[in-house]
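> Quick check, what structure comes out for this input:
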Amino acid sequence: MILKVLFYGGTRFVGKALVSNLLSKGHEIFVFTRGNLPVPENITHLKGDRSNDEDLKKLSDHSFDLIVDSSGRKLEDTQRLLKFSGLPSYRFIYISSAGVYDNTQLFPVGEDSPIDLESRHIGKAKTESWLKAEGIPFTSFRPTYIYGPGNYNPIEKWFFDRITNGRSIPVPLDGQAITQLGHVSDLAEAISKSLETDKAINQIYNCSGSKAVTFKGLIETAILATGNKVSDFNLRSFDPSKLDPKARKLFPLRLTNFFTDTSKIEKDLSWEPKFDLLNGLIDSYKNDYILVNHEQVDFSSDEILFD
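Next comes the predicted model:
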């Protein structure tokens, strides 16, 4: 089945990976973006700003089988888009976030776990609820920390910066808190596979690497991914109690245990991640990080952690 697909976004990170995936499977792709980044070949570019109603009116000249929203953050964002594009004939794909979940001591976190009403991602949870209430066929994905080539969030880059500059690497306490990462290509493939089954209609899926990792293990894996030896680096402990556990200004991850249950998506979609953490970080390092000219990194924030 070949689908006519509209992307809101589609030229950055997750959207870009999914566009590439769906193009490879023969789908007809349209992207609605401001045009600030290059648009891939073999797609139709509808230039516009999703916050501008005049730009959105361009969508009324088309009809789509599938609509993918990889950049919406608030319910109003999605409502405005669908007002002008109309509903897709097949499905609406929404990129949500595992950041919607409230703090818990019960792991792994399942899709039915309580929502944090104060989360900066609460708009995504409200959008999911609205799609379900409106009876719009949808599938929503709640990834944890997404990494891989093209990542504009300082996740793996934060560690690579310190490793390549021979720095001591900050780690909360003894580094035994647990987190979870998922490679962007694995997320794109999961979304693509969801289009092949009706099981995914009106479902919300956690989507990430199937294994959790300690902070210490993540740092050591990042060191190995750069071709270095773990023994050559100093992991320097800091006390996270004085920091907001969800703030990521000084350390790029939640300063608490956090990992999700991915058994539902693995069962429903017959999907499993292709990348383990080491190979995923190698991919990000070799196919992105070392190809970019990095400005001099300001490491002064590290001293705040150790103060």
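> which stretches of the stretch 101-250 of the chain form helices?
122-133, 156-164, 184-194, 215-225 (DSSP state H, counting those that start in this stretch).
> Which elements pack onto the first one?
Where contact means 3 or more Cβ pairs under 8 Å, 6 or more residues apart in numbering; DSSP states H and E, helix 122-133 is packed against helix 75-85, strand 91-95, strand 138-143. In this view, the C-beta of every residue, glycine as well, is placed from N, C-alpha and C.
> now swap in the shortest one and tell me
In terms of contacts (3+ Cβ pairs under 8 Å, 6+ apart), helix 156-164 is packed against strand 169-172, helix 215-225, helix 277-287.
> how far does the second one sit from the chain's center?
Put plainly, it is helix 215-225. 20 Å (Cα atoms, centre = their mean, to the nearest Å).
> That one vs helix 156-164, what angle?
Here helix 215-225 points in a direction 70 degrees away from that of helix 156-164 (axes from the mean of the first three to the mean of the last three Cα atoms, to 10 degrees).
> Now do helix 215-225: which elements does it pack against?
helix 156-164, strand 169-172, strand 178-179, helix 277-287.
> Test for you: state the pLDDT assigned to S51.
On pLDDT, S51 comes in at 91.
> how near is the residue nearest to L106 when sequence neighbours are not counted to A125?
Nearest residue to L106, sequence neighbours excluded (Cβ to Cβ, 6 or more residues apart in numbering): S113, at 7.7 Å. To A125, S113 is 11 Å away according to Cβ to Cβ, to the nearest Å.
> quick one: which of those two has more around it?
A125 (22 against 18; other Cβ atoms under 10 Å).
> Next up, the contacts around the residue lying closest to the more buried one once chain neighbours are set aside.
In space, and not counting its chain neighbours, A125 is closest to V100: 4.3 Å by Cβ to Cβ, 6+ apart. Residues near V100 by Cβ atoms under 8 Å, 6 or more residues apart in numbering: I115, D116, S119, H121, I122, K124, A125, R142.
> Roughly how far does the most centrally placed residue in the chain sit from L59?
The chain has I146 as the residue nearest its centroid, 4.0 Å off, counting by Cα atoms, centre = their mean. For I146, the distance to L59 (Cβ to Cβ) stands at 27 Å.
> L291 now?
Counting by Cβ to Cβ, the gap from L291 to L59 is 35 Å.
> which residues of the stretch 151-300 of the chain score low on pLDDT?
245-248 (pLDDT under 70).
> neighbour count winner among L291 and L59?
Taking other Cβ under 10 Å, L291 and L59 do not tie; L59 has more neighbours (22 against 9).
> Assumed that one was part of a helix.
Yes: L59: assigned to a helix according to DSSP: H, G, I helix; E, B strand; the rest coil.
> okay, the helices and strands packed on helix 122-133, which one's buried deepest?
Most buried of these, by mean neighbour count (mean count of other Cβ atoms under 10 Å): strand 138-143, with a mean of 25.
> elements contacting it?
By 3+ Cβ pairs under 8 Å, 6+ apart, strand 138-143 packs against strand 91-95, helix 122-133, helix 184-194, strand 203-207.
> wait, which of those is closest to D239?
Across the helices and strands packed on strand 138-143, the minimum distance to D239, taken as Cβ to Cβ, is reached by helix 122-133, at 29.1 Å.
> Which parts of that closest one count as buried, going by neighbours?
I122, G123, K124, A125, K126, T127, E128, L131 (16 or more other Cβ atoms under 10 Å).
> ok, now stretch 32-48?
Applying 16+ other Cβ under 10 Å to stretch 32-48 flags F32, T33, V39, I43, H45, L46, G48 as buried.
> Surely the fourth one and H27 touch.
Spelled out, that is I43. No: using Cβ atoms under 8 Å, I43 is not in contact with H27, being 9.8 Å away.
> shared neighbours, S113 and A125?
By Cβ under 8 Å, 6+ apart, no residue touches both S113 and A125.
> count of neighbours near L277?
Neighbours of L277 (other Cβ under 10 Å): 23.
> Return the distance of it relative to L181.
Distance from L277 to L181, by Cβ to Cβ: 6 Å.
> Repeat that for K16.
In terms of Cβ to Cβ, K16 sits 18 Å off from L181.
> on that earlier part again, for L75, find the nearest of the helices and strands packed on strand 138-143.
helix 122-133 (4.5 Å).
> Thought R50 was touching D77, still the case?
Yes: counting by Cβ under 8 Å, R50 is a contact partner of D77 at 6.7 Å.
> Need the residues touching each of the two.
Common neighbours of D77 and R50 (Cβ under 8 Å, 6+ apart) are S71.
> Skip the chain neighbours and tell me the closest residue to I29.
That would be I43: by Cβ to Cβ, 6+ apart, it lies 4.1 Å from I29.
> ugh, typo on my part, it should be L173
S237 (5.9 Å).
> Near the one you found, how many other residues are there?
14.
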